[in-house]
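S.K.: structure for the following, please:
(chains A, B and C)
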Amino acid sequence: MSAVIDHGHAGHDHHGPAKGLMRWVLTTNHKDIGTMYLWFSFAMFLLGGSMAMVIRAELFQPGLQIVQPEFFNQMTTMHGLIMVFGAVMPAFVGLANWMIPLMIGAPDMALPRMNNFSFWLLPAAFTLLVSTLFMEGGGPNFGWTFYAPLSTTYAPESVTFFIFAIHLMGISSIMGAINVIATILNLRAPGMTLMKMPLFAWTWLITAFLLIAVMPVLAGCVTMMLMDVHFGTSFFNAAGGGDPVLFQHVFWFFGHPEVYIMILPAFGAISSIIPAFSRKPLFGYTSMVYATASIAFLSFIVWAHHMFTVGIPITGELFFMYATMLIAVPTGVKVFNWVTTMWRGSLTFEAPMLFAVAFVILFTIGGFSGLMLAIAPADFQYHDTYFVVAHFHYVLVPGAIFGIFASAYYWLPKWTGHMYDETLARLHFWMSFIGMNLAFFPMHFLGLAGMPRRIPDYNLQFADFNMVSSIGAFTFGVTQLLFLFIVIKCIRGGKPAPAKPWDGADGLEWTVPSPAPYHTFSTPPEVK
Amino acid sequence: MGILLWLAFTTPTRAEWTVNMAPGATDVSHAVFDLHMTIFWICAVIGVLVFGVMFWSMLVHRRSTGQEAAHFHESTTVEILWTAVPFIILVLMAIPATKTLIDIYDPSESELDVQITGYQWKWHYKYLGQDVEFFSNLATPREQIDNRAPKGEHYLLEVDEPLVVPVGTKVRFLITAADVIHSWWVPSLAVKKDAIPGFVNEAWTRIDKPGIYRGQCTELCGKDHGFMPVVVEAKSKEDFTAWLAERKQAAAAERELTSKEWSMEELMARGEKAYNTTCAACHQPDGTGLPPMFPALKGSPIATGPVQGHIDIVVNGKPGTAMAAFGKQLSEVDLAAIITYERNAFGNKVGDMVTPKDILAFKQAQE
Amino acid sequence: MSELPLRRLVGRLLAVVVVMFCFGVFVLPPFYDAMCQAFGINGKTAGAYQGEQRPDESRLVRVQFLATNAAGMVWEFRPVADELLVRPGEPRDMLFVAHNPSDRPMTAQAIPSVAPAKAAAYFHKTECFCFTQQVLQPGERIEMPVRFIVDRDLPKDVKHLTLAYTLFDITARKPPVAQATP
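M.R.: Below is the predicted model:
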């Protein structure tokens, strides 16, 4: 993509940000809102992470030491909910807010006031969710998948607040997705055809369509729960002619696309970062777009692979097994494309590239365990064990989270106008890399040896690997405070960043100065 | 760090560094194990190839070695090839997977049927047509869980009454649940099936050699999800027949115990044991409960009030709460012992005694 | 993609959201029920028997009866016999005994399920106590009938099936209680 840019940001009608708190409360600026999303998601990442620390501390040794089982269940539930809905999803929305207008040459998001509203719903939703921990009977304790009837007939009183919080998060995500679609479809600079967009914009466009397709299904799912809990219906209650298994079908119809919602934007960011540090164009741009679209399509027809042990007829098992295995094809295409992009490049390993390379390797390992889990008869042994926990942490931590770190380091100079501390950033990478592998690799062994997930205590045969895993988790957890330090340091000062700090980088975002001015592309750039 | 090291060296004994699935004890579990290994090795080989290329690139194609970047960015041939080859590999994987799945769904006739019902937080086994049924509770003492006693080898994987099955026999399991969803899993048998309230799932096994096979509940089912193990004891056909006959006799003997004259001490002793097995998970060993879900018994109006009310809540449960009806789950002897214990332990000093006959009379009065 | 005016684009996207919500609440559950009926998922039994009501003299199928109480249900609930040998195509009857030992009137709902799932679609109940709620006065005991036909098309490899009922206490449930479908 080649671009000639008119630096039209010095628009006459525009002025800089308002002063004080009201700047943030009332802002409709995509950069401000992006910043708020990113800070919010990092706060949630630390909160959800500290819950993970509680879990790992309890599992450090066999026996009950620190928390009782009922609180342990609240921790696993909240850790999952906060990481999925509070950390990963808002981080990607934050990146989209900041970067998509800059990448496609748009002056702002298409619906700036809705943008403000969709952000401010999140703090409300999570205050509500976290407050349930302090309610009588405790917070949600039924796992982030909240299977009925544990989450309906047998739920603590706070389930109503949990449902309401999920609704708020859903509305926020849907509005965010509509905004992204409208921005990408309507506000591209002249000449910026869809097939010229950076892959981050492409993967986000597809993610946004997934969001508006499945978040309403989740909303429907929790609405049916609410009806069952308070209004005497029996969607999920066998006693009234309903069926608890229906809950799982509806939930996973949302849930499987949801896991791609958490990974596709990272695919997009990685597809910008690897070429930048390989100094070579992305290999197979077109096939990347088609692969993303096929992954999104397949995600709608594989949901029952989360339910192989629920008692599905053999034809159903076979269908969902084959469909799930098929996902390996487009995912493989993406990995091969990244590897080929690196092949015969001129590689350097700054922090974004380190995270991106680790992303490709570790995500692929998570993909392999995913393929193993797709094999229905073998899944009967893996299902709901630590093997599954290892699998999804391998796709989410080095996948989504490393993707977000890579993006953050890649674009921090653009956001702050300063270079981050490369030495500390590399330390952050290596500590995260070691901590993460130490935490999650042994979980494969634990699962294969027979340790179920979501248990607060275990047999002695699982003791050693659990201890290793806990040590890894603590390392990973502490390391993230270093990230906070690096970011603050970078905001407060550091070597001034040029408009394009990475010599191999490509894209419209590098044509504006660093830090990016409050208003950019008020006059659309010309893309040839 | 010092604390970490200290903890590392004081870890309880018998920990293992098991890194793989066990092949198990049945034809199906062997087939699943072989499938698992096949897929694993295919993934490993692909991984070595892909990561090999990647590491080669990372070592050789560095700017620091003076490498100039090439400019190629597409190749239709290569892209078609690496779409088609994985597809073929997947088809090769699907063949053994499908075959194993068809074997697992084998509908042929079974010789023994056992109904398995999941409860919060224990399993109930019923030998269909045999008039033998019992609950299987966690047998690990509370002291071990609370680190007040050294943990045994089968910590959290031991039960008071294992499911006993004969070897070389096709045993069919009809799996259901009474409250929330549970999942019955024994890794060595490669049987994992969800227990769903209101619906029956089917699974089967044929165990080759006698032995004890242990597993756990694998679907989050509430507070004590981690404390409801599954233990299957496979006996030879003769031993199994003898065991079944013994169980039937024991049931008769239990009925006889009901008519025995019990002393306060005997009831308190039996009551303490039965209480810790059945009630302590919610009401806690010291009777303080976990309010508000599970109220305290210590000084409670029911445990220190009229005896009829106390018998009623234990036998019939309390609708709309977590208190189950134990009338059918426990024998008259255990019910009497538990109620006596609850009225005279944790500082409760009602002083009265409830005998199995009282319970029988209460149940008959309900008829 | 042709460019729509912003307002229309957002309108369309919102329409997708509404449609997907309705899909989750109004389409998926009935669709799932239909799939259950067709494939016997969760052992849900088939509708009315359409086939020939003539016994298939060539084979006998063992039908086993199970009665389970859901948590909190105090009734005594059992079949009068453990199993029956039936010929496909022939209507048969079975009785279940229910007794309310408590001192209060109680309402119960029985939920049927047939195993193996593969056979459930070939199991037809023509009359069943599970079609309605059962109200028993304190101490009352009743016998509840079920009449069923095993389909003549039952796959030949199924020689043994199980009809299981789970009895739920629905006394405390709020009124609009959906009826179990036949």
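
S.K.: buried stuff in stretch A:477-487?
M.R.: With burial defined by 16 or more other C-beta atoms under 10 Å in any protein chain shown, the residues of stretch A:477-487 counted as buried are A:477, A:479, A:480, A:483, A:486, A:487. For the C-beta atoms, the positions are set from N, CA and C on the backbone; glycine is no exception.

S.K.: so where's the chain uncertain?
M.R.: Just going to use chain A. A:1-15 (pLDDT under 70).

S.K.: actually, chain C is the one I wanted.
M.R.: For chain C, the stretches flagged by pLDDT under 70 are C:1-3, C:174-182.

S.K.: have a look at it and report its longest helix.
M.R.: Assignment by DSSP state H gives helix C:6-22 as the longest helix of chain C.

S.K.: please enumerate the helices of chain B.
M.R.: Per DSSP H, chain B carries helices over the ranges B:2-9, B:27-60, B:76-104, B:142-145, B:237-259, B:264-278, B:280-283, B:307-316, B:332-344, B:356-366.

S.K.: most tightly surrounded among these?
M.R.: Ranked by mean neighbour count under mean count of other C-beta atoms under 10 Å in any protein chain shown, those are led by helix B:332-344, which reaches a mean of 25.

S.K.: quick check: mean pLDDT of that helix?
M.R.: Across helix B:332-344, the average pLDDT comes to 89.

S.K.: show me the contacts for the residue in chain C that chain A sits nearest to.
M.R.: Ranking the residues of chain C by distance to chain A (C-beta to the nearest C-beta) places residue C:24 first, at 2.8 Å. By C-beta atoms under 8 Å, 6 or more residues apart in numbering or on different chains, the contact set of residue C:24 is A:216, A:217, A:218, A:219, A:220, A:221, A:250, A:253, A:254.

S.K.: now, which of the buried residues of stretch A:477-487 sits nearest residue B:242?
M.R.: Closest to residue B:242 out of the buried residues of stretch A:477-487 is residue A:477 (55.5 Å), distances taken as C-beta to C-beta.

S.K.: following the chain past the helix or strand where that closest one lies, name the next helix or strand.
M.R.: Secondary structure from DSSP states H and E places residue A:477 in helix A:463-492. Going down the chain from helix A:463-492, the next helix or strand is strand A:526-527, by DSSP H and E.

S.K.: what lines up beside that next one in the sheet?
M.R.: Using DSSP bridges, the strands paired with strand A:526-527 are strand A:3-4 (antiparallel).

S.K.: any buried residues in the longest helix of chain C, and which?
M.R.: Buried residues in helix C:6-22 (16+ other C-beta under 10 Å): C:9, C:10, C:13, C:16, C:17, C:20, C:21.

S.K.: what does stretch C:97-108 give?
M.R.: For stretch C:97-108, by 16+ other C-beta under 10 Å, it's C:98, C:99, C:100, C:101, C:102, C:106, C:107, C:108.

S.K.: how about the buried residues of helix C:6-22 in a markdown table, adding distance to chain B?
M.R.: Shown next, in a markdown table, are these (distance: C-beta to the nearest C-beta, whole Å):
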| residue | distance to chain B |
| --- | --- |
| C:9 | 32 |
| C:10 | 36 |
| C:13 | 32 |
| C:16 | 30 |
| C:17 | 30 |
| C:20 | 26 |
| C:21 | 26 |
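
S.K.: quickly name whichever of those is closest to residue C:39.
M.R.: Out of these, the member with the shortest distance to residue C:39 (by C-beta to C-beta) is residue C:20, at 25.0 Å.

S.K.: so what's that closest one up against?
M.R.: So residue C:20 contacts A:212, A:213, A:214, A:215, A:216, A:217, A:220 (C-beta under 8 Å, 6+ apart).

S.K.: gap between residue C:61 and residue B:222?
M.R.: 38 Å (C-beta to C-beta, to the nearest Å).

S.K.: that should have said residue C:153, apologies.
M.R.: Taking C-beta to C-beta, one finds residue C:153 at 42 Å from residue B:222.

S.K.: now the residue of the stretch 51-200 of chain A found nearest chain C: closest residue in space that isn't a chain neighbour?
M.R.: The nearest approach of the stretch 51-200 of chain A to chain C comes at residue A:178, 4.7 Å away (C-beta to the nearest C-beta). By the measure of C-beta to C-beta, 6 or more residues apart in numbering or on different chains, the closest residue to residue A:178 outside its immediate chain neighbours is residue C:13, 4.7 Å from it.

S.K.: who are the contact partners of the one you found?
M.R.: Residues counted as contacts of residue C:13 (C-beta under 8 Å, 6+ apart) are A:177, A:178, A:181, A:182, A:212.

S.K.: nearest to chain B, of the residues you listed?
M.R.: Checking the contacts of residue C:13 against chain B by C-beta to the nearest C-beta gives residue A:181 as the nearest, at 27.7 Å.

S.K.: for the closest one, helix, strand, or coil?
M.R.: Recorded secondary structure, residue A:181: helix (DSSP: H, G, I helix; E, B strand; the rest coil).

S.K.: now it, nearest residue through space, not along the chain?
M.R.: Excluding the flanking residues, the one nearest residue A:181 by C-beta to C-beta, 6+ apart is residue A:208, at 4.8 Å.

S.K.: tell me, how many residues neighbour the one you found?
M.R.: Residue A:208: 28 surrounding residues under other C-beta atoms under 10 Å in any protein chain shown.

S.K.: list the contacts of the spatially most central residue of chain C.
M.R.: By C-alpha atoms, centre = their mean, chain C has its centre lying nearest to residue C:112, at 4.2 Å. Going by C-beta under 8 Å, 6+ apart, residue C:112 touches C:43, C:45, C:125, C:128, C:130, C:163, C:164, C:165, C:180.

S.K.: please apply the same query to residue A:130.
M.R.: Taking C-beta under 8 Å, 6+ apart as the criterion, residue A:130 is in contact with A:47, A:78, A:82, A:139.
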